[in-house]
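With the sequence up front, the predicted model follows.
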Amino acid sequence: MRVLLVDDHKVVRAGLRALLEGEPGFEVIGETGDGEEAIKLVLDLQPDLVLMDLRLEKGAIDGVEATRRIAAIAPAAKVVVLTSHGTRTDIALALAAGARGYVLKAGPPDELFRALRTAGEGGTGIAQEAIGLLVDEAIAPTSELSDREIGVLRLLALGRSNREIAADLLLGEATVKTHLVRIYRKLGAANRAAAVTEAVRRGIVDPG
C-alpha cells in the first residue's frame, strides 16, 4: 500500500519512513509537514493511505481540517491519524472528519501496521487505548474545558473574531476553529452566542 506521511517534524517523518519501509506491504511515496500541501499531494500522488498528525503548526489548516478535506475530495485515500494526543475530543473530531484509523505515537509499531492495513482494507483501525477512551466518553461524556479553551471562550465573549482570537493567543485560525468545535460540544452549544450564554451561566465568563 502506498503511503503519504503528514507530520510537521522532519525527524518524526524520517522515523516513520524507516519503520514503514522496513515492513512488507508498505511504500512511502511522499511526505510533508503542511496540511494544504498534503491535500495537493493526495491529488497528485493518489496514495492508498495518508498517515496524518493532528497538530500541524505549518500552514493555515490543522490535521483535522486536512483530514476532512481529503475525505471529501479523495475518499479512496484512507486517512489514519497518528498523534501523541489521545483525548476523547481529539479522537471524536478525527473520526468525524473522516479518519479511518487513530493510533498513538507512543504505541507499538504493530498497532500502527494493523491500523493501516485495516484502513486500507476498508475498515477502521483504532488503537486499543483510543477505543477505551471512546467507550469512557459514551459512558461518561467529558465536559471539562481546558485552560486554552477557557481562554478562547473569554475572548469569544468579548466579541473577538476567529482571526482576532488567533492573533491574541498566537494560534492559527484553524486551531481556533478546532477549539470552538470542542467548546460547543462540551457546553452543549450550537453556536457562538449559545456558548457564551452557557459559559456565563456556569460562571466561566464574567457577565459584565
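Noted; the coordinates are in hand.

alpha carbons only for contacts and neighbour counts from here, please
Noted.

where does the chain dip in pLDDT?
Applying pLDDT under 70 to the chain flags residues 85-87, 89, 129-143, 207-208.

Helices of that one, start to end?
With DSSP state H, the ranges of helices along the chain come out as 10-21, 35-45, 63-73, 88-97, 109-120, 128-139, 147-157, 162-169, 173-187, 192-202.

quick one: the fifth one to helix 10-21, angle?
Interaxial angle of helix 109-120 relative to helix 10-21 (axes from the mean of the first three to the mean of the last three Cα atoms, to 10 degrees): 80 degrees.

Ok, the second one next?
Calculated by the same axes, to 10 degrees, helix 35-45 forms an angle of 30 degrees with helix 10-21.

in helix 35-45, what's buried?
The neighbour-count check on helix 35-45 (16 or more other Cα atoms under 10 Å) flags 35-39, 41-42 as buried.

Of those, which is the nearest to E144?
E144 lies nearest to G35 out of those, by Cα to Cα, at 28.6 Å.

and that closest one, what is it in contact with?
6, 56, 58-63, 65-66 (Cα atoms under 8 Å, 6 or more residues apart in numbering).

Separate out the buried members of those residues.
The neighbour count (16+ other Cα under 10 Å) marks 6, 56, 58, 61-63, 65-66 as buried among those.

I'd like these laid out as a markdown table, including distance to K177.
Shown next, in a markdown table, are these (distance: Cα to Cα, whole Å):
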| residue | distance to K177 |
| --- | --- |
| V6 | 20 |
| L56 | 14 |
| K58 | 16 |
| I61 | 10 |
| D62 | 10 |
| G63 | 12 |
| E65 | 9 |
| A66 | 13 |
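
ok, of those residues, which one's closest to A14?
V6 (11.2 Å).

Just give me the neighbour total for the closest residue to I61 other than its chain neighbours.
Spatial nearest neighbour of I61, excluding adjacent residues (Cα to Cα, 6 or more residues apart in numbering): A174 at 5.0 Å. Using other Cα atoms under 10 Å, A174 has 21 other residues around it.

A174 contacts K58, doesn't it?
No - using Cα atoms under 8 Å, A174 is not in contact with K58; the gap is 11.0 Å.

residues in contact with V152?
V152 sits in contact with 165, 176, 179-180, where contact means Cα under 8 Å, 6+ apart.

residues of stretch 103-110 that come out buried?
Quick answer for stretch 103-110 (16+ other Cα under 10 Å): 103-105, 109.

Okay, and which of these map to strands?
Applying DSSP state E to the buried residues of stretch 103-110, the entries found in strands are 103-104.
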